[in-house]
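S.K.: Predicted coordinates and the sequence they were generated for:
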Amino acid sequence: QVQLVESGGGSVQAGGSLRLSCVVSGYTYINYCMAWFRQAPGKEREGVVSIESDGSTSYVDSVKGRFTISKDNAKNTLYLQMSSLKPEDTAMYYCAAEVGYCPPTSYEYNYWGQGTQVTVSS
């Protein structure tokens, strides 16, 4: 059974940094697309960044230059390094995975973590 467990969320002031982690178990995740999504209260879930098995990435414009996705195959862990955080980055952040290429929408991801809260104060 595939399991994704996120950690690393917290409360920071604007301009600060956080690193989220997502430990994956239950499959050889390097053959999967991995992604980070976020959802703020009252808003739709938003794709933040995805990474294909070949390492190619796709970021939403609002985080380009501030967030970096990476993965450690030996540790089966996906990371999201977030810097220069802004209050509008406040959301629940979710790790997601899917077999093959990264789907265009969140609805097509079959594997999700429970989420980790990120709160950025001004």
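M.R.: Cool, got the structure. Model, not experiment: these values are computed from the prediction. Numbering: from 1, shown residues only.
S.K.: how about the nearest residue to the residue most central in space within the chain, chain neighbours excluded?
M.R.: Nearest residue to the geometric centre of the chain (C-alpha atoms, centre = their mean): Trp36, 2.2 Å. Beyond its immediate neighbours in the sequence, the residue positioned closest to Trp36 (C-beta to C-beta, 6 or more residues apart in numbering) is Val48, lying 4.4 Å away. From N, CA and C alone the C-beta is placed, and that goes for glycine too.
S.K.: do the same with Leu18
M.R.: Nearest-residue entry for Leu18: Met82, 5.0 Å, with adjacent residues in sequence omitted and distances by C-beta to C-beta, 6+ apart.
S.K.: Show me the beta-bridge partners of the one you found.
M.R.: The residues paired with Met82 through beta bridges, assigned by DSSP bridges, are Leu18, Phe67.
S.K.: Name the SS class of the residue nearest to the centre of the chain, please.
M.R.: Classification of Trp36 by DSSP: H, G, I helix; E, B strand; the rest coil places it in strand.
S.K.: separation between it and Met82?
M.R.: 9 Å (C-beta to C-beta, to the nearest Å).
S.K.: Find the residues that touch each one of these two.
M.R.: Common contacts of Trp36 and Met82, defined by C-beta atoms under 8 Å, 6 or more residues apart in numbering, comprise Leu20.
S.K.: any weak-confidence spans in the chain?
M.R.: Under the criterion pLDDT under 70, the flagged ranges of the chain are 28-30.
S.K.: again, 80 this time
M.R.: For the chain, the stretches with pLDDT under 80 are 27-31.
S.K.: which residues in it form strands?
M.R.: Counting by DSSP state E, the chain has strands at residues 3-7, 10-13, 18-25, 32-39, 46-51, 57-59, 67-72, 77-82, 91-99, 111-112, 116-121.
S.K.: which one of the ones you listed lies closest to Thr105?
M.R.: The stretch from the strands of the chain with the least distance to Thr105 (C-beta to C-beta) is strand 46-51; that distance is 8.1 Å.
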